[in-house]
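Enquirer: Give me coordinates for this.
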Amino acid sequence: MRRAVDSVFKGIFLILLGIVFFANMYGFLPWNFWSNVLDLWPLLLIFAGLALFFNKRIPFSAVLVAFLIGLVGYSVILGSPAPDKWLPGAHGSGQTMELAAPLDPQVEKVRLTLNLGGVDMSVRGIDGRSEPSQLAKGTYEWNGRTNYGPPEFNYRTDGDTTKLQFNSEKRPRSGDHKLLLNLSDQVYYTKVELNAGAVQGAMDFSRLQIEDLDISTGASDIELRFGDTGGRTKLDLSTGATKLNLVVPESVGLKITMSGIASETNFAGDGLILSSQDWVSPNYEAARTKIDMDISMAAGRINLERIPAPIQSDGNPQSL
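Expert: Numbering: from 1, shown residues only. Down below sits the predicted model:
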C-alpha cells in the first residue's frame, strides 16, 4: 500500500515539475522563481520531520510535492520580485553607493570583476569620448542591513592595465539590490567576470571589445548584447534555470556550444547550422568579429536575435 502511495506522489511531483517548467518557458513564472528554493529550503526539513513523526507513513515524494506547491505559492503571492525600471541616483528607502574610476592616459587594457548576490542590473559600454578621463561610472543601491559588510568598489592601475573590482554582499534573490554601471569603450577589456546569484537585467557590450567574458549566475532573466567591434570574444556562461536573450549583429561570426538538461533554443530558426556539437553561423570563418560561446545551463530558454549592423550615413555598416 505504501509503495503504491509513493508511486502516485512521484507521478504527481513529476507532473507539477513539468507544469512549473512550462510556466517558466512561457512567462507565467519568472525564471528567478527557482532562487526562492534558497529562501524556503528549511521547509524541506520541516516536512521531512513530519514524515518521520508519522512513522514514515508519509513518503518522501509527498514531501517534495508539498515543498513544490509551497514554493509556487510563495513565489506567486510574495516571492516574485516585481520588475521595475531603475533610474540612477538615490531613491527609495535603501542606501546608494556611487561607483567611479578614472581612466589614466597610459591605460589601454582593463580587467573587470563583479562579485554580486541577487541583483537587478544594467551594465553597458558607452562612448567614452564624451568623458575621456572616466573609465567607469555608476551606482549601486541596496535595501536593509548588510550581512557580509558594505559593498566595496576598488581599482588599481599597473602600467597599461587597470583592474576594477566590485564586491557586494551575497544574497540569493534579486529585487533588493540594483546595479547600474557604465563602462568606457576607449579601452580593451582583456577579462570581464561576473559571479552572481539570481540576476535580472541586461549587459550591453555592443560598444566594447572583450577578449574573455566569464559569467556565472543562479536562476536569472538576462539579456546579453554584442556588437561588431572586431577581434574574437570567448564567452563562458554557466547558469541555473534561466531565460537568456542573446542579441548579436548578423555580420558577427557565431559559434555556440551548449550543455544542459532541458534548454530550449531558436538557433536553427535564426540561421545557425549544427556542426558536430556546435551551432555555427555560415559567415563564421569570414567574419571580422567572432564570438565563441560555451553555455552551460541547468534548464531554461535561449532566444537568439540577429540584428542588422548599424548603417552609417555613407550607407556602409558601422564599425564601432
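Enquirer: Would you confirm that Gly218 belongs to a strand?
Expert: No. Counting by DSSP: H, G, I helix; E, B strand; the rest coil, one finds Gly218 to be coil, located in no strand.
Enquirer: give me the number of residues near it?
Expert: Around Gly218 sit 24 other residues, with neighbours defined as other CB atoms under 10 Å. Every C-beta, even on glycine, is put in place using the N, C-alpha and C of the backbone.
Enquirer: ok, it to Lys178 distance?
Expert: 17 Å (CB to CB, to the nearest Å).
Enquirer: so where do the helices sit in the stretch 1-150 of the chain?
Expert: Taking DSSP state H, counting those that start in this stretch, the helices of the stretch 1-150 of the chain run over residues 2-25, 36-53, 60-74.
Enquirer: can you list the weak-confidence ranges in this structure?
Expert: Residues of the chain that meet the criterion pLDDT under 70 lie in 1-2, 24-33, 35-36, 38-39, 55-57, 76-94, 144-149, 169-176, 261-262, 310-320.
Enquirer: domains of it?
Expert: Domains of the chain are assigned by the TED database as 1-78, 95-307.
Enquirer: Centre of the chain to the longest one, how far?
Expert: Taking CA atoms, centre = their mean, to the nearest Å, one finds the center of domain 95-307 at 8 Å from the center of the full chain.
Enquirer: Endpoint to endpoint, that domain covers what distance?
Expert: Using CA to CA, to the nearest Å, one end of domain 95-307 lies 38 Å from the other.
Enquirer: separation between the closest residue to Tyr155 other than its chain neighbours and Gly260?
Expert: Nearest residue to Tyr155 in three dimensions, chain neighbours excluded: Ala101, at 4.3 Å (CB to CB, 6 or more residues apart in numbering). Distance check for Ala101 against Gly260: by CB to CB, it reads 36 Å.
Enquirer: Comparing the two, which residue is more hemmed in?
Expert: Using other CB under 10 Å, the more surrounded residue of Ala101 and Gly260 is Ala101, with 23 against 19.
Enquirer: which other helices and strands contact whatever helix or strand Asp214 lives in?
Expert: Under the criterion of DSSP states H and E, Asp214 resides in strand 212-216. On a contact count with 3 or more CB pairs under 8 Å, 6 or more residues apart in numbering; DSSP states H and E, strand 212-216 meets strand 188-195, strand 231-249.
Enquirer: Pull out the buried residues from it.
Expert: For strand 212-216, the neighbour count (16 or more other CB atoms under 10 Å) marks 213-215 as buried.
Enquirer: Redo those residues as TSV? Include distance to Val8.
Expert: What follows is the buried residues of strand 212-216, written out as TSV (distance: CB to CB, whole Å):
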residue	distance to Val8
Leu213	47
Asp214	45
Ile215	41
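Enquirer: Next, count neighbours for Ser133.
Expert: Neighbour tally, Ser133, other CB under 10 Å: 10.
Enquirer: can you map out the strands along the stretch 51-200 of the chain?
Expert: In the stretch 51-200 of the chain, strands defined by DSSP state E, counting those that start in this stretch lie at 95-102, 109-115, 119-126, 134-142, 152-158, 161-167, 178-184, 188-195, 199-205, listed in chain order.
Enquirer: contact partners of the second one?
Expert: The one in question is strand 109-115. Contact with strand 109-115 is made by 123, 135-136, 160-168, 179, 181, 183, 187-196, as judged by CB atoms under 8 Å, 6 or more residues apart in numbering.
Enquirer: One more: the fifth one?
Expert: Around strand 152-158, the neighbours that count as contacts under CB under 8 Å, 6+ apart are 97, 99, 101, 104, 107, 135-136, 140, 162-167.
Enquirer: hmm, try it at 10 Å
Expert: Residues from elsewhere that reach strand 152-158 (CB atoms under 10 Å, 6 or more residues apart in numbering): 97-104, 106-107, 110-112, 114-115, 135-136, 138, 140, 162-169, 181.
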